[in-house]
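> Following is a predicted model, sequence given first.
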Amino acid sequence: MYSFIAGLALLAVAILSRATIRDTFHPSFIFPAIWGGGLCLIAFTPLLGFYAVESDALLIFILGGAIFSAVSISISLFAKSFVHEGFFYRALNFNDLFFLFAFMHLLVLPVAYSDLSALGSNFEQISYTARAMSVAGESVFGRLTANYLLLGLVIIPLFTIALAKRRIGWLKYLIIAFPWCALILVGSGRAGLIQMLLGLVFIYRVVHQKLPVKIMACLGLLFLIILFLGAIATNKIDVSSDESVGEVMSIMLTHIAGYALQGPVLFSLYFDGTARVFENWNPFISVCHLLSMVQLCTPLPMHSEFNLYGDGLEGNVYSLYFSIFPGFGVLGVVFFIALYSAASTYAYLKAKQGHIFYMVISAYLYSAIVLSLFSDTFLPSLWFFMKVFVIVVFVLLFFSKKPIL
């Protein structure tokens, strides 16, 4: 009941934002809407065996949602108009980009296949081994494939811009995007692929100004397929058992609910001291990775210990707040949530003006908002964002239609 009331409070914040900004993709609306909707759903998850959330942590969730929305609205209302011209607003030659990366697929994909073949003799073995390596913090692919995967995380969003502007067709888009998506699914897991797909939805919406029903329906089906296949690959469900279709669907519903909603439940248990877990999440993990290059810091593994979030249900994600609260307390929550809101809103406003770099960055910040129920990919992604900047600059230098003066 308390989680439902907290959810309604955050939905009220989202409605106020919508009435003020009149933009359903604006960060000030998305963050409280996601958390409000999530907490309302959590109120019903005890029917699936989840523990009820009746913790004072709900006050932290309400505070965070209100601060995020207030800062975002303030920046949007008082920000000066951005100048939308210059290096990052150049048009790209997507035909040349297509032929380059279609050719690179032919060179790299056999290497990726060789990397995967070394993990097992069949799909189930490969999936299980890849998942175990990912959880342990080990690289699933060799250096060439791993770097190529990173490149795809930037190039696919750029091709999504072209698709939304109708500069390329769906066939060319899928030829480029599908192989990379398959590698991301195996190398980074479902969370990595879903994060990128959410970002692509954002880019398409910002550029095209609307989301066709067919695209939304296909993406919704794709999300379900990814979750279903991932559940099979990680042995969450067994389709070869004697269970009926109805029982398999019930197990799948519980799995999806757990995948999406366990974060606030587990953080609440941690907040109350019921769940004991090593406090290894940190907003400055990217800074530590940078310092580790000169042996000044040793990054902690980002995968946390498992705890029960329901009867016989184990999980190890603790929401955005587990990255902030343990080390910085309530004041830290206020500071970092305000910082994340300001960065997300600034990037969003620049993206709407057509700034290519901020289109890619804003897409990932948008997905970070949506996935904040169980992860923190804002400041911890700083090192990734720096790599994005380098790749975007490289692409603009060599594939810009307008010559560099």
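Yes, it's here.

> Let me see the contact set for Phe94.
Contact partners of Phe94, counting by C-beta atoms under 8 Å, 6 or more residues apart in numbering, are Phe159, Ala162, Arg167, Ile168. Where you see a C-beta, it was placed from the backbone N, CA and C, and this is true even at glycine.

> Okay, the closest residue in space to the third one that isn't next to it in sequence and Tyr128: tell me how far apart.
Right, the one you point to is Arg167. The shortest distance from Arg167 to any residue other than its chain neighbours is 5.1 Å, reached at Phe94 (C-beta to C-beta, 6 or more residues apart in numbering). Distance, Phe94 to Tyr128, by C-beta to C-beta, to the nearest Å: 38 Å.

> And Ser341, by the same measure?
Note on Ser341: its distance to Tyr128, by C-beta to C-beta, is 39 Å.

> now swap in Ser292 and tell me
29 Å.

> how about Ala191, secondary structure?
The three-state label given to Ala191 by DSSP: H, G, I helix; E, B strand; the rest coil is helix.

> And for it, the neighbour number?
17 (other C-beta atoms under 10 Å).

> Counting neighbours, go ahead and name the busier of Ser341 and Tyr128.
Set Ser341 next to Tyr128 and count neighbours by other C-beta under 10 Å: Ser341 wins out with 25 against 15.

> so the more buried one touches Gly65, yeah?
No - contact criterion C-beta atoms under 8 Å: Ser341 and Gly65 do not qualify, at 10.1 Å.

> what do those two both touch?
Residues touching both Ser341 and Gly65 (C-beta under 8 Å, 6+ apart) are Phe31.

> quick one, what contacts Phe378?
Pro283, Leu320, Phe336, Tyr340, Ala343, Ser344, Leu365, Ala368.

> element containing the last one, please.
What it means is Ala368. Applying DSSP states H and E as the criterion places Ala368 in helix 356-370.

> Identify the residues contacting the very next helix or strand once past that helix?
The helix or strand immediately downstream of helix 356-370 is helix 382-399, counting by DSSP H and E. Helix 382-399 is contacted from outside by 87-88, 90, 92-93, 96-97, 150-151, 153-155, 158, 286-287, 289-290, 356-357, 360-361, 364, 404, using C-beta under 8 Å, 6+ apart.

> Mark which of those residues are buried, thanks.
Buried by 16 or more other C-beta atoms under 10 Å: 87-88, 90, 92, 97, 150-151, 153-155, 158, 286-287, 289, 356-357, 360-361, 364, out of these.

> So which of the residues you listed belong to strands?
Per DSSP state E, strands hold no members of the buried ones among the contacts of helix 382-399.

> can I assume Leu119 sits in a helix?
No - counting by three-state DSSP, Leu119 falls outside a helix, being coil.

> in the protein, which segments are predicted with low confidence?
Residue ranges of the chain with pLDDT under 70: 80-84, 123-124, 134-137, 228-246, 248, 402-405.

> where exactly do the strands run in it?
Along the chain, counting by DSSP E, strands occupy 307-310, 313-315.

> Can you tell me which of these is packed in deepest?
For the strands of the chain, the largest average neighbour count (mean count of other C-beta atoms under 10 Å) is found in strand 307-310, namely a mean of 20.

> quick one: contacts of it?
With contacts defined as C-beta under 8 Å, 6+ apart, strand 307-310 is touched by 45, 48-51, 258, 262, 265-266, 269-270, 275-277, 314-316.

> how far out from the middle of the chain is that strand?
Mean C-alpha position of strand 307-310 versus that of the full chain (C-alpha atoms, centre = their mean, to the nearest Å) differs by 23 Å.

> Out of the contacts of Phe94, flag the one nearest to Glu305.
Of all the contacts of Phe94, Phe159 has the smallest distance to Glu305: 38.9 Å, by C-beta to C-beta.
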